[in-house]
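# Return a 3D structure for these sequence lines:
(2 chains)
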Amino acid sequence: QKEVEQNSGPLSVPEGAIASLNCTYSDRGSQSFFWYRQYSGKSPELIMSIYSNGDKEDGRFTAQLNKASQYVSLLIRDSQPSDSATYLCAVSMTGGGNKLTFGTGTQLKVEL
Amino acid sequence: KAGVTQTPRYLIKTRGQQVTLSCSPISGHRSVSWYQQTPGQGLQFLFEYFSETQRNKGNFPGRFSGRQFSNSRSEMNVSTLELGDSALYLCASSVSPNTEAFFGQGTRLTVV
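Numbers count the residues shown, from 1 in each chain, chains lettered A, B, ... in the order given. The predicted structure is shown next:
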(Lines give C-alpha, C1' and ligand atoms only; values in the text may rest on other atoms or scores of the structure.)
Protein backbone atom coordinates (compact mmCIF):
# COMPACT_ATOMS: atom_id res chain seq x y z
CA GLN A 1 0.00 0.00 0.00
CA LYS A 2 1.36 3.39 -0.97
CA GLU A 3 1.75 5.91 1.83
CA VAL A 4 -0.20 8.62 0.02
CA GLU A 5 -2.61 7.67 -2.73
CA GLN A 6 -4.33 9.74 -5.36
CA ASN A 7 -6.16 8.88 -8.54
CA SER A 8 -3.87 9.85 -11.40
CA GLY A 9 -6.73 11.01 -13.61
CA PRO A 10 -7.11 12.81 -15.83
CA LEU A 11 -10.13 14.30 -14.15
CA SER A 12 -12.08 16.33 -16.67
CA VAL A 13 -14.64 18.91 -15.58
CA PRO A 14 -16.45 21.61 -17.55
CA GLU A 15 -15.67 25.25 -16.91
CA GLY A 16 -17.65 26.57 -13.96
CA ALA A 17 -18.12 23.17 -12.35
CA ILE A 18 -16.77 21.90 -9.04
CA ALA A 19 -13.66 19.75 -9.23
CA SER A 20 -13.19 17.25 -6.42
CA LEU A 21 -9.73 15.82 -5.79
CA ASN A 22 -9.16 13.06 -3.27
CA CYS A 23 -6.25 11.68 -1.30
CA THR A 24 -5.85 8.90 1.26
CA TYR A 25 -2.86 8.31 3.51
CA SER A 26 -1.61 5.36 5.49
CA ASP A 27 -0.04 6.88 8.64
CA ARG A 28 -2.79 7.45 11.18
CA GLY A 29 -0.53 9.74 13.19
CA SER A 30 -0.02 12.22 10.35
CA GLN A 31 -0.52 15.81 11.46
CA SER A 32 -0.06 18.15 8.51
CA PHE A 33 -1.62 18.00 5.07
CA PHE A 34 -0.98 20.10 2.01
CA TRP A 35 -2.23 20.55 -1.52
CA TYR A 36 0.15 21.73 -4.22
CA ARG A 37 -0.60 22.66 -7.81
CA GLN A 38 1.98 21.95 -10.48
CA TYR A 39 1.79 23.20 -14.03
CA SER A 40 3.70 21.27 -16.65
CA GLY A 41 7.38 22.16 -16.54
CA LYS A 42 7.00 24.23 -13.37
CA SER A 43 7.62 23.61 -9.69
CA PRO A 44 4.85 22.82 -7.17
CA GLU A 45 2.95 25.78 -5.78
CA LEU A 46 1.33 25.57 -2.34
CA ILE A 47 -2.44 26.04 -2.51
CA MET A 48 -3.77 24.92 0.86
CA SER A 49 -2.64 23.56 4.17
CA ILE A 50 -4.89 21.86 6.70
CA TYR A 51 -4.06 20.52 10.13
CA SER A 52 -7.34 19.69 11.88
CA ASN A 53 -10.51 17.81 10.99
CA GLY A 54 -13.12 19.70 9.03
CA ASP A 55 -13.14 22.18 6.20
CA LYS A 56 -10.83 25.07 5.41
CA GLU A 57 -11.80 27.54 2.73
CA ASP A 58 -9.63 29.96 0.78
CA GLY A 59 -11.28 31.67 -2.13
CA ARG A 60 -12.45 29.06 -4.63
CA PHE A 61 -10.56 26.31 -2.82
CA THR A 62 -11.79 24.19 0.09
CA ALA A 63 -9.67 21.55 1.77
CA GLN A 64 -11.41 18.85 3.79
CA LEU A 65 -9.74 16.58 6.32
CA ASN A 66 -11.09 13.47 7.99
CA LYS A 67 -8.39 11.91 10.15
CA ALA A 68 -10.58 9.00 11.24
CA SER A 69 -10.97 7.95 7.61
CA GLN A 70 -7.41 9.04 6.75
CA TYR A 71 -8.79 11.09 3.92
CA VAL A 72 -8.11 14.60 2.64
CA SER A 73 -9.76 16.29 -0.30
CA LEU A 74 -9.61 19.51 -2.30
CA LEU A 75 -12.65 21.12 -3.87
CA ILE A 76 -12.24 23.75 -6.55
CA ARG A 77 -15.39 25.77 -7.17
CA ASP A 78 -16.12 27.60 -10.41
CA SER A 79 -13.30 25.73 -12.16
CA GLN A 80 -11.41 27.73 -14.78
CA PRO A 81 -9.22 26.55 -17.66
CA SER A 82 -6.28 28.06 -15.75
CA ASP A 83 -6.90 25.47 -13.02
CA SER A 84 -5.80 22.74 -15.43
CA ALA A 85 -2.72 21.29 -13.77
CA THR A 86 -1.55 18.37 -11.67
CA TYR A 87 -2.62 18.54 -8.03
CA LEU A 88 -0.32 16.94 -5.51
CA CYS A 89 -1.39 15.82 -2.06
CA ALA A 90 1.43 15.96 0.51
CA VAL A 91 1.45 14.61 4.04
CA SER A 92 3.83 15.21 6.90
CA MET A 93 3.86 11.95 8.76
CA THR A 94 4.56 11.17 12.39
CA GLY A 95 8.00 12.36 13.41
CA GLY A 96 8.73 13.42 9.87
CA GLY A 97 9.44 17.05 10.55
CA ASN A 98 9.32 18.77 7.23
CA LYS A 99 9.64 15.55 5.29
CA LEU A 100 6.66 15.56 2.97
CA THR A 101 5.38 12.36 1.41
CA PHE A 102 3.68 13.10 -1.88
CA GLY A 103 1.02 11.29 -3.81
CA THR A 104 1.57 10.79 -7.52
CA GLY A 105 -0.80 13.64 -8.31
CA THR A 106 -4.14 13.99 -10.07
CA GLN A 107 -4.20 15.66 -13.46
CA LEU A 108 -7.13 18.05 -13.73
CA LYS A 109 -8.43 19.26 -17.07
CA VAL A 110 -11.00 22.04 -17.13
CA GLU A 111 -12.74 22.10 -20.48
CA LEU A 112 -14.38 25.07 -22.15
CA LYS B 1 9.63 39.15 -0.44
CA ALA B 2 11.85 37.03 -2.67
CA GLY B 3 10.96 33.39 -3.06
CA VAL B 4 13.17 30.35 -2.89
CA THR B 5 16.06 30.68 -5.31
CA GLN B 6 17.76 27.69 -6.84
CA THR B 7 20.85 27.80 -8.99
CA PRO B 8 21.63 26.80 -11.59
CA ARG B 9 18.31 26.28 -13.37
CA TYR B 10 19.69 23.80 -15.87
CA LEU B 11 22.72 21.53 -15.86
CA ILE B 12 24.09 18.96 -18.24
CA LYS B 13 26.69 16.63 -16.80
CA THR B 14 28.48 13.49 -17.93
CA ARG B 15 28.24 10.15 -16.15
CA GLY B 16 30.80 9.88 -13.39
CA GLN B 17 31.02 13.60 -12.75
CA GLN B 18 29.78 15.31 -9.62
CA VAL B 19 27.43 18.25 -9.26
CA THR B 20 26.55 20.81 -6.61
CA LEU B 21 23.17 22.51 -6.50
CA SER B 22 22.40 25.59 -4.45
CA CYS B 23 19.28 26.80 -2.66
CA SER B 24 18.63 30.14 -0.98
CA PRO B 25 15.51 29.98 1.18
CA ILE B 26 12.95 32.69 1.74
CA SER B 27 14.27 35.29 4.15
CA GLY B 28 13.54 34.18 7.71
CA HIS B 29 13.06 30.55 6.79
CA ARG B 30 15.40 28.20 8.59
CA SER B 31 14.22 24.83 7.31
CA VAL B 32 15.28 23.58 3.88
CA SER B 33 14.26 20.32 2.25
CA TRP B 34 15.35 18.76 -1.02
CA TYR B 35 13.30 16.59 -3.35
CA GLN B 36 13.91 14.72 -6.57
CA GLN B 37 11.15 14.62 -9.15
CA THR B 38 11.10 12.15 -12.03
CA PRO B 39 8.23 11.06 -14.29
CA GLY B 40 8.45 7.50 -13.02
CA GLN B 41 8.89 8.03 -9.29
CA GLY B 42 7.20 11.37 -8.71
CA LEU B 43 8.41 13.61 -5.90
CA GLN B 44 10.77 11.87 -3.52
CA PHE B 45 12.27 13.30 -0.37
CA LEU B 46 16.05 13.57 -0.24
CA PHE B 47 16.89 15.37 3.01
CA GLU B 48 15.86 18.10 5.39
CA TYR B 49 18.00 20.63 7.23
CA PHE B 50 17.15 22.91 10.11
CA SER B 51 19.65 25.14 11.86
CA GLU B 52 22.53 23.54 9.96
CA THR B 53 21.55 20.04 11.14
CA GLN B 54 20.25 17.26 8.96
CA ARG B 55 16.98 16.16 10.55
CA ASN B 56 15.75 13.60 8.05
CA LYS B 57 17.20 11.69 5.15
CA GLY B 58 15.33 9.89 2.41
CA ASN B 59 16.10 6.54 0.87
CA PHE B 60 18.85 7.59 -1.52
CA PRO B 61 22.40 6.26 -1.87
CA GLY B 62 25.30 7.93 -0.12
CA ARG B 63 26.26 9.64 -3.39
CA PHE B 64 23.62 12.19 -2.47
CA SER B 65 24.66 14.56 0.27
CA GLY B 66 23.83 18.01 1.47
CA ARG B 67 24.57 20.70 3.97
CA GLN B 68 23.16 23.90 5.35
CA PHE B 69 25.07 27.03 6.20
CA SER B 70 24.60 29.45 9.07
CA ASN B 71 22.62 31.82 6.80
CA SER B 72 20.21 28.92 6.06
CA ARG B 73 21.38 28.56 2.47
CA SER B 74 21.74 24.95 1.47
CA GLU B 75 23.65 22.91 -1.07
CA MET B 76 23.25 19.38 -2.25
CA ASN B 77 25.90 17.35 -3.95
CA VAL B 78 25.66 14.28 -6.12
CA SER B 79 28.86 12.40 -6.79
CA THR B 80 29.60 9.82 -9.47
CA LEU B 81 26.58 10.78 -11.51
CA GLU B 82 24.49 8.07 -13.14
CA LEU B 83 22.04 8.37 -16.02
CA GLY B 84 19.22 7.69 -13.57
CA ASP B 85 20.07 10.84 -11.63
CA SER B 86 18.56 12.91 -14.44
CA ALA B 87 15.67 14.69 -12.74
CA LEU B 88 14.24 17.94 -11.51
CA TYR B 89 15.76 18.73 -8.13
CA LEU B 90 13.55 20.88 -5.96
CA CYS B 91 14.33 22.80 -2.82
CA ALA B 92 11.61 23.86 -0.40
CA SER B 93 11.91 26.24 2.51
CA SER B 94 9.78 26.79 5.56
CA VAL B 95 9.95 28.85 8.71
CA SER B 96 10.49 25.74 10.78
CA PRO B 97 9.74 22.01 10.57
CA ASN B 98 6.07 21.07 10.25
CA THR B 99 5.11 24.39 8.69
CA GLU B 100 4.15 25.26 5.13
CA ALA B 101 6.90 24.59 2.63
CA PHE B 102 7.46 26.70 -0.48
CA PHE B 103 9.31 25.37 -3.48
CA GLY B 104 11.91 27.01 -5.65
CA GLN B 105 11.90 26.80 -9.44
CA GLY B 106 14.09 23.72 -9.38
CA THR B 107 17.29 22.65 -11.08
CA ARG B 108 16.85 20.38 -14.05
CA LEU B 109 19.81 18.02 -14.19
CA THR B 110 20.50 15.97 -17.28
CA VAL B 111 23.18 13.27 -17.12
CA VAL B 112 24.51 12.09 -20.47
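
# how many neighbours does residue 59 have?
Since no chain was named, I'll use chain A. Residue A:59 is flanked by 10 other residues according to other CB atoms under 10 Å in any protein chain shown. For the C-beta atoms, the positions are set from N, CA and C on the backbone; glycine is no exception.

# The intended chain is chain B.
7.

# and it, helix, strand or coil?
State at residue B:59, reduced to three classes by DSSP: H, G, I helix; E, B strand; the rest coil: coil.

# just checking, residue A:33 touches residue A:71?
No - counting by CB atoms under 8 Å, residue A:33 stays clear of residue A:71, with 10.0 Å between them.

# Those two: which is more packed in?
Neighbour count, other CB under 10 Å: between residue A:33 and residue A:71, residue A:33 has more, with 26 against 14.

# how close does the more buried one get to chain B?
According to CB to the nearest CB, to the nearest Å, residue A:33 stands 11 Å off from chain B.

# pLDDT of the helix or strand hosting that residue, averaged?
Element membership of residue A:33, judged by DSSP states H and E, is strand A:32-38. Averaged across strand A:32-38, the pLDDT comes to 97.

# Which neighbouring elements make contact with it?
strand A:19-25, strand A:45-50, strand A:61-66, strand A:71-76, strand A:85-92 (3 or more CB pairs under 8 Å, 6 or more residues apart in numbering or on different chains; DSSP states H and E).

# at 6 Å what do you get?
Counting contacts by 3 or more CB pairs under 6 Å, 6 or more residues apart in numbering or on different chains; DSSP states H and E, strand A:32-38 packs against strand A:45-50, strand A:85-92.

# so it versus strand A:71-76, what angle?
40 degrees (axes from the mean of the first three to the mean of the last three CA atoms, to 10 degrees).

# which bits of chain B sit near chain A?
B:31, B:33, B:42-43, B:45, B:48, B:55-56, B:90, B:94, B:97-98, B:100, B:102-103, B:105-106 (CB under 6 Å from any CB of the partner chain).

# In PyMOL, how would I select the buried members of these?
Only the buried entries of the residues of chain B next to chain A go into this PyMOL selection, using 16 or more other CB atoms under 10 Å in any protein chain shown:
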select buried, chain B and resi 31+33+42+43+45+48+55+56+90+94+97+98+102+103+105+106
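
# Quick one: find the helix or strand in chain B with the lowest mean pLDDT.
The weakest-scoring helix or strand in chain B, judged by mean pLDDT, DSSP states H and E, is strand B:53-57 (a mean of 92).

# That one pairs with which strands, and in what direction?
Partners of strand B:53-57 in the sheet, by DSSP bridges, are strand B:42-50 (antiparallel).

# in chain B, which residue is closest to the centre?
By CA atoms, centre = their mean, chain B has its centre lying nearest to residue B:34, at 3.5 Å.

# ok, back up a step: among the helices and strands packed on strand A:32-38, which is the most enclosed?
Compared across these, strand A:85-92 shows the largest average neighbour count, a mean of 24 (mean count of other CB atoms under 10 Å in any protein chain shown).

# Give me the mean pLDDT for that strand.
96.

# right, and the helix or strand after the least confident helix or strand of chain B?
For strand B:53-57, the following helix or strand on the C-terminal side (DSSP H and E) is strand B:64-68.

# For chain B, give me the ranges with low pLDDT.
When residues are selected by pLDDT under 70, those of chain B lie in B:1.

# what are the ranges of the helices in it?
Here chain B has no helices by DSSP state H.
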